[in-house]
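Trainee: Sharing a model that was predicted from the sequence below.
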Amino acid sequence: MNMRNLKLLIEYDGTKYSGWQVQNRPKARKTIQGEIEKALKKILHKKAKLIGAGRTDAGVHAKGYIANFKTINNIASVSLQKALNSLLPKDIVIHRVCEVPLRFHSRFDAKSKIYRYSVAKRSFPLAIGRDYIYYFPFKLDVDAMKRGAKYLIGRHDFSSFGSSSSDKKDPHCTIFKLDIKSTNQKIVFDVEADYFLYRMVRNIIGTLLEVGRGKITASGIKKILSSKDRCRAGPTVPAKGLSLIKVKY
């Protein structure tokens, strides 16, 4: 049998999971990768190693996560999709399975990722949907946040917006887009970059929210960026408001 490389388009609710990546420690919580690999083993009768587009933290969601794995099994792509969805928990869904060239790598071939962060725009908490949006009970100046966001566009050293786990990673990233849209119900931040430091999106949003409430000036973002000091930036916002929307290749 010939080797095949299969790509999965995955949607998941990360509320109950310890992120994407399998955890190699005792009593670790369930992960998205672990649940899919477990289902694949039942279908293929052999362990399959999933290669993911990147790590997502505990509690982070995804609408367009990409992963791939290699197999000599000749199961049809549509049949594999149906079988996976019949075995996986209801909070993990496979949108599509397709065969790709053997050289395709979900992580290394990615050109950019788009993340979305949602903030509730109201003065009281949510009952419905509270696991997917951050309740931030302060009046926000959206125009000020948009002005501050402009300083982050382009290629920069984002050390100020990384976390301690990012120390060994090149802190230079390129943000292609940072859009902020406000409706009557919520404020949505869309961030696209070639790659992200650990918790970078959540730290950026936390800092922009401080701009929105007047604690940091819009131009202060430039000073925070150039300082390369995480202590100068705002707090890390909760994971539940964050979703990976798309991976571009």
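Mentor: Thanks, I have it. Numbering: from 1, shown residues only.
Trainee: tell me the domain boundaries of this protein?
Mentor: Using automatic domain parsing, the domains assigned to the chain come out as 4-100, 112-248.
Trainee: closest to Ser106 out of these?
Mentor: Closest to Ser106 of the domains of the chain is domain 4-100 (C-beta to C-beta; 4.6 Å). The way it works is simple: take the backbone N, C-alpha and C, and place the C-beta from them, glycine included.
Trainee: avg pLDDT for the closest one?
Mentor: Averaging pLDDT along domain 4-100 gives 95.
Trainee: Surely Thr15 is within a strand?
Mentor: No. Assignment of Thr15 by DSSP: H, G, I helix; E, B strand; the rest coil gives helix, placing it outside any strand.
Trainee: where do the strands sit along this structure?
Mentor: Per DSSP state E, the chain carries strands over the ranges 4-12, 51-52, 61-71, 92-100, 112-120, 134-135, 154-157, 172-182, 186-193, 242-248.
Trainee: need these in a markdown table with distance to Lys223 and mean neighbour count, can you?
Mentor: As requested, the strands of the chain are exported to a markdown table (distance: least, C-beta to C-beta, whole Å; neighbours: other C-beta atoms under 10 Å):
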| stretch | distance to Lys223 | mean neighbour count |
| --- | --- | --- |
| strand 4-12 | 38 | 20 |
| strand 51-52 | 35 | 20 |
| strand 61-71 | 32 | 21 |
| strand 92-100 | 42 | 16 |
| strand 112-120 | 23 | 21 |
| strand 134-135 | 25 | 19 |
| strand 154-157 | 13 | 14 |
| strand 172-182 | 17 | 16 |
| strand 186-193 | 20 | 20 |
| strand 242-248 | 25 | 20 |
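Trainee: Which one of these lies nearest to Lys222?
Mentor: Of those, nearest to Lys222 by C-beta to C-beta is strand 154-157, at 9.9 Å.
Trainee: Who are the packing partners of the closest one?
Mentor: The contact analysis (3 or more C-beta pairs under 8 Å, 6 or more residues apart in numbering; DSSP states H and E) places strand 154-157 against strand 172-182.
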